Each structure stands twice: as structure tokens, then as C-alpha cells.
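K.L.:
this one's structure only:
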């Protein structure tokens with residue numbers, strides 16, 4: 001069997017040509033940046049903090065807000081690399097959020113954190129000058145999964161958690177999902193058998209997120225799957241995915257798009273030609289902007305996305321880095337522990 005090992009940093013967003021990093025960003029004078037805001041009352045955990053990027057020239061108007069959720073297989077990644085400054089350049093308020101990571105924190109900690117961040121942002125919209133009724137989310141890979149889950153579980157009580165600002169909604173008006181897993185029950189069987197990220201196969205990351213394999217925790221895996229929650233009430237979705245993605249199979253995005261369409265939701269699926277998990281480029285960024293301008297800012301999109309699932313774009317090649325040594329060691333330890341444990345009985 002061909003042993004294909006895809007060496008990839010799980011903080012894939014660090015490769016964005018328009019990325020924002022605290023240590024090297026040149027923040028334009030027209031953008032106000034507020035870093036490390038805790039979104040859980042009383043928490044000092046850096047994994048429960050966010051950064052805000054607000055255009056100073058608002059002309060007296062409240063701005064639409066886009067929340068960025070980083071990728072990293074749920075086990076790595078950070079808010080410090082994001083497209084937030086570029087979003088602010090285009091007139092959007094933007095936030096980049098951290099969330100607690102597996103395997104130390106198992107699902108649903110991640111979605112509880114993301115929803116707490118949205119509630120905090122809505123509660124503080126008046127302070128920072130953005131519109132609490134025009135909030136969208138965008139994420140890549142694991143971040144795409146969480147963005148999709150926020151959208152499909154709009155105001156579902158059991159998915160809210162109790163991390164503060166409960167009087168405010170965590171609902172969003174629009175979702176952009178880049179390459180996110182959507183069905184954790186079928187993910188393993190759809191993944192190529194000879195792919196690993198560093199030393200870890202993508203299905204093993206799902207195991208770490210759930211605290212065991214999906215087949216042993218079917219109810220939890222279903223709860224963590226956006227396809228299980230898709231409904232007519234879901235907000236507009238833009239889903240983008242490379243047709244040959246070796247990390248998250250394209251069929252995962254197709255499944256979610258089909259579920260949303262069948263339910264009567266507004267969904268656009270854009271298939272990208274190539275085999276890259278990451279496709280951060282100017283043209284793909286502009287498509288995201290068009291989507292959010294239409295759904296949040298009330299502008300007509302410059303590009304029609306009707307039947308966009310048939311649009312094929314050539315994804316550029318991307319050089320990727322391996323897991324950090326600390327994360328690799330943690331992953332190896334967790335996998336060794338998992339292998340020695342008895343398989344738990346399915347949840348009821």
C-alpha cells in the first residue's frame with residue numbers, strides 16, 4: 001500500500017497570504033485592534049479569548065461582524081493567524097477566536113466555547129460598534145466543522161453550554177465552511193487509508209475529539225456532526241472544498257450541502273479543482289467576501305454563485321509543515337492510551 005504522508009501544520013491558517021500574526025503584523029492605521037479579550041466571564045484561560053479588529057471609519061453605522069475559527073484538527077491552532085485584518089480592510093468588523101483543544105478537552109467543549117464567544121460578541125456589540133443582528137462565521141478544516149455546527153444548531157439549547165451571557169443568542173446570519181468535516185460517523189470510512197498528518201491519521205483526530213472512536217460513541221458523534229442538525233432554519237451556507245482533498249474527503253461537504261438543500265436551506269457548494277486541503281488565495285478570499293457582503297451587508301454579490309458546485313478552480317500547491325514536537329508527543333501519548341483502553345459501550 002502506498003504510504004502517503006501529508007506533512008501539514010494543523011494551524012493551516014498560518015499559511016494565509018493575508019494572515020494576521022501578533023508578532024509580525026503591520027496593522028493599518030484605520031483599524032482598531034483589541035487582543036486577548038476573555039469571552040467567558042471570570043476565565044483567564046487563553047483558549048477562551050478572542051481578538052477584535054474594528055474599522056475606525058464607520059460613518060456612524062454599526063458594522064457586520066465576521067467571526068474566524070481556526071483549524072488544527074481540534075488539537076492545535078491559534079487565533080493569532082487569521083484573515084481578520086483583511087476582513088477589516090474590506091469594511092467588516094472581525095473577530096478571531098480561540099477554543100479549548102482536544103484531547104485535554106473533549107467535545108462538546110469546543111462548540112460550547114465557540115457559542116460562548118458569539119454570545120459575548122453579541123452582548124458587547126454596542127461597546128465595539130458592530131451590529132448584533134449581522135454576525136457571520138467562517139472557519140477552515142476543524143474550524144469549518146465548528147462554524148458549520150454553529151450554523152446548523154442555531155439556538156439549539158442542548159448545544160449552548162453554560163459559559164455565560166445566556167440571555168443572548170449564539171445564532172448567526174451566515175456561515176462559510178472551508179474543508180470542514182461534517183459527518184463524524186462516516187468520516188473514517190471515507191478517508192483514504194494511507195494518509196496521515198504528521199504521525200496521525202485524520203480519523204484518529206476525531207477519536208481524540210470525542211474521547212473514543214465514533215462507532216463506540218455514536219450519539220456523541222452524531223451530536224458533533226453538522227449533517228445531523230441541518231434544517232430549514234439553518235442560515236445561508238457557503239461551502240468550499242477541493243475535490244481531491246486527502247485530509248477531509250470532499251464527500252463530507254457534499255453530504256452537508258445535500259442535507260441543507262433537501263431541508264430547504266440556502267446553500268452554495270463550490271468544488272475546487274486540486275488535492276489541497278488549504279486553498280488560501282486572493283480569488284477564494286474574494287468569493288468569501290462576496291458571500292458575506294450579500295448575506296450580512298445587504299449588497300448584491302459581484303459573482304453569481306448559482307450552481308457554483310460545478311465551478312472548478314485550480315488550487316495552488318501549498319508547502320506544509322509537520323506537527324510541532326510538543327503536539328506530536330502529546331498525540332502519541334493519547335493514541336497509546338486509547339489503544340490500551342477497553343472499547344466503551346455505545347452511548348444511549
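P.N.:
It's in. Here the structure is a predicted model, which means the values were calculated and not measured. Residues are numbered from 1 along each chain as shown.

K.L.:
make it CA atoms for all contacts and neighbour counts henceforth
P.N.:
Noted.

K.L.:
For this structure, which segments count as strands?
P.N.:
4-6, 31-38, 49-55, 63-69, 93-97, 130-140, 174-178, 195-197, 237-242, 267-272 (DSSP state E).

K.L.:
any chance of those strands in CSV, plus mean neighbour count?
P.N.:
Supplementary listing: those in CSV, determined by neighbours: other CA atoms under 10 Å:
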stretch, mean neighbour count
strand 4-6, 16
strand 31-38, 17
strand 49-55, 23
strand 63-69, 27
strand 93-97, 29
strand 130-140, 24
strand 174-178, 28
strand 195-197, 21
strand 237-242, 27
strand 267-272, 23
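
K.L.:
Check those strands for me: which has the lowest mean pLDDT.
P.N.:
Per-segment mean pLDDT for these reaches its minimum on strand 4-6, at a mean of 40.

K.L.:
re earlier: tabulate the strands of the chain (TSV), appending distance to residue 294.
P.N.:
Below are the strands of the chain laid out as TSV (distance: least, CA to CA, whole Å):
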stretch	distance to residue 294
strand 4-6	36
strand 31-38	23
strand 49-55	19
strand 63-69	11
strand 93-97	15
strand 130-140	11
strand 174-178	10
strand 195-197	36
strand 237-242	11
strand 267-272	13
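
K.L.:
Residue 252: which of those is closest?
P.N.:
Among the strands of the chain, the nearest to residue 252 by CA to CA is strand 237-242 (9.3 Å).

K.L.:
Would you mind getting the angle between the closest one and strand 267-272?
P.N.:
In terms of direction (axes from the mean of the first three to the mean of the last three CA atoms, to 10 degrees), strand 237-242 departs from strand 267-272 by 20 degrees.

K.L.:
and the angle from strand 237-242 to strand 130-140?
P.N.:
Using the same axes, to 10 degrees, strand 237-242 lies at 20 degrees relative to strand 130-140.

K.L.:
Please list the residues outside strand 237-242 that contact it.
P.N.:
Here strand 237-242 makes contact (CA atoms under 8 Å, 6 or more residues apart in numbering) with 174-179, 250, 253, 257, 266-277, 279, 288, 291, 315.

K.L.:
can we see that at 6 Å?
P.N.:
Contacts to strand 237-242, defined as CA atoms under 6 Å, 6 or more residues apart in numbering, come from residues 175-179, 267-275.

K.L.:
Any idea how far apart the tips of stretch 80-90 sit?
P.N.:
Length of stretch 80-90, first residue to last, CA to CA, to the nearest Å: 19 Å.

K.L.:
For that stretch, list every residue counted as buried.
P.N.:
80, 81, 82, 83, 84, 85, 86, 87, 88, 89 (16 or more other CA atoms under 10 Å).

K.L.:
For the protein, which segments count as helices?
P.N.:
Using DSSP state H, the helices of the chain run over 84-89, 109-123, 125-128, 142-152, 187-190, 202-210, 218-223, 250-263, 282-295, 325-340.

K.L.:
Highest mean neighbour count out of the ones you listed?
P.N.:
helix 142-152 (a mean of 29; mean count of other CA atoms under 10 Å).

K.L.:
What are the contacting residues of that one?
P.N.:
With contacts defined as CA under 6 Å, 6+ apart, helix 142-152 is touched by 69-71, 73-74, 137-139, 177-178, 180-181, 226, 229-230, 234.

K.L.:
and the two most separated of the buried residues of stretch 80-90?
P.N.:
Using CA to CA, the two most remote members of these are 80 and 89, lying 17.2 Å apart.

K.L.:
As JSON lines, the helices of the chain with mean pLDDT and distance to residue 62 would be great.
P.N.:
Below are those laid out as JSON lines (pLDDT from 0 to 100; distance: least, CA to CA, whole Å):
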{"stretch": "helix 84-89", "mean pLDDT": "95", "distance to residue 62": "13"}
{"stretch": "helix 109-123", "mean pLDDT": "98", "distance to residue 62": "12"}
{"stretch": "helix 125-128", "mean pLDDT": "95", "distance to residue 62": "8"}
{"stretch": "helix 142-152", "mean pLDDT": "98", "distance to residue 62": "22"}
{"stretch": "helix 187-190", "mean pLDDT": "96", "distance to residue 62": "40"}
{"stretch": "helix 202-210", "mean pLDDT": "97", "distance to residue 62": "37"}
{"stretch": "helix 218-223", "mean pLDDT": "98", "distance to residue 62": "35"}
{"stretch": "helix 250-263", "mean pLDDT": "98", "distance to residue 62": "30"}
{"stretch": "helix 282-295", "mean pLDDT": "97", "distance to residue 62": "14"}
{"stretch": "helix 325-340", "mean pLDDT": "43", "distance to residue 62": "41"}
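
K.L.:
now those as a markdown table including distance to residue 160?
P.N.:
Formatted as a markdown table, the helices of the chain follow (distance: least, CA to CA, whole Å):
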| stretch | distance to residue 160 |
| --- | --- |
| helix 84-89 | 25 |
| helix 109-123 | 6 |
| helix 125-128 | 19 |
| helix 142-152 | 9 |
| helix 187-190 | 24 |
| helix 202-210 | 17 |
| helix 218-223 | 12 |
| helix 250-263 | 21 |
| helix 282-295 | 24 |
| helix 325-340 | 28 |
